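>>> below are the sequence and a predicted model; questions follow.
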Amino acid sequence: MIIDGSIDAAGPDAAGWEPLIENETPRSWAVAKRAIDVTVASAGLIATAPLLIAASVGIMLNSPGSPIFAQERVGRYGRRFTMFKLRTMHPRAHERLAKLRSVNEVSGPVFKMKNDPRVFALGRYLRKLSIDELPNLVNVLLGDMSIVGPRPPLPSEVEGYTEHALRRLRVKPGITCIWQISGRSSIDFNTWMDLDHLYIDTWSPAVDIKIILSTIPAVLRAKGAY
């Protein structure tokens, strides 16, 4: 595991990693980014609380189990954290993944399919409008994620990353980024990685604000959301 630019050899995912050198940016930008994160996440949780409650009740009525789904994801420099989402799949869905690998509809080490049989009816709607990702706002307040940044991958996905793809882990993962407002799952994996690199190379507080403002219309269009 990489911590503060050095490799922790005892870390579970240290093999094959190299220290990543950050682009030099003003310290004030980092302060501004965190201020944006806390402000937007706090306001977002307050504004969407009724929606989160209604969605949670709907999930419990449609499928047995907790409405909140907690999953291990990979964050900045390979650090692992627990990401929170609204549950959109039937219980024990992960046990059926191996049988569905052959019908994967996207490229790269990720798995996605438009009509995934593991997703229940309400879950499809929650995914289409990205309502299932609202609990990510808690991760932003905890500091594991940012409002804007590359989506946090699964550990199994990172295992299949090339050096090109690993570069996206040099920044804190986020809820939305250029990929989300450009078509999401309708974009092939290599282009997705290129868009994340574009964000890394051009990031500024102004870019974050522009992406945030572009996210709502992108969510409503629901292009590539499934």
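Yep, it's here. Everything numeric here is computed off the predicted structure, so don't read it as measured data. Numbers count the residues shown, from 1 in each chain.

>>> and stretch 70-82, which residues are buried?
R73, V74, G75, R76, Y77, G78, R79, R80, F81 (16 or more other Cβ atoms under 10 Å). Every residue, glycine included, has its C-beta placed from N, CA and C.

>>> what's the span of that stretch, first residue to last?
6 Å (Cα to Cα, to the nearest Å).

>>> for I209, give me the pLDDT.
I209 carries a pLDDT value of 96.

>>> who does the lengthiest helix in the chain touch, helix- and strand-wise?
In the chain, assigned by DSSP state H, the helix with the most residues is helix 27-62. Counting contacts by 3 or more Cβ pairs under 8 Å, 6 or more residues apart in numbering; DSSP states H and E, helix 27-62 is packed against strand 80-86, helix 121-128, helix 136-142, strand 146-148, helix 205-221.

>>> one more pass at 6 Å, please.
The criterion is 3 or more Cβ pairs under 6 Å, 6 or more residues apart in numbering; DSSP states H and E, and the helices and strands that helix 27-62 contacts are helix 136-142, strand 146-148, helix 205-221.

>>> on contacts alone, who are the packing partners of the next helix or strand after that helix?
Following helix 27-62 in sequence order, the next helix or strand is strand 68-74 (DSSP states H and E). Contacts defined by 3+ Cβ pairs under 6 Å, 6+ apart place strand 68-74 against strand 80-86.

>>> so what are the sheet partners of the strand it packs on and their directions?
Partners of strand 80-86 in the sheet, by DSSP bridges, are strand 68-74 (antiparallel).

>>> excluding covalently adjacent residues, which one is nearest to the most centrally placed residue in the chain?
The residue lying closest to the centre of the chain (Cα atoms, centre = their mean) is R151, at 3.0 Å. Spatially, and ignoring its direct neighbours in sequence, R151 is nearest to P173 (6.3 Å; Cβ to Cβ, 6 or more residues apart in numbering).

>>> fine by me, thanks again.
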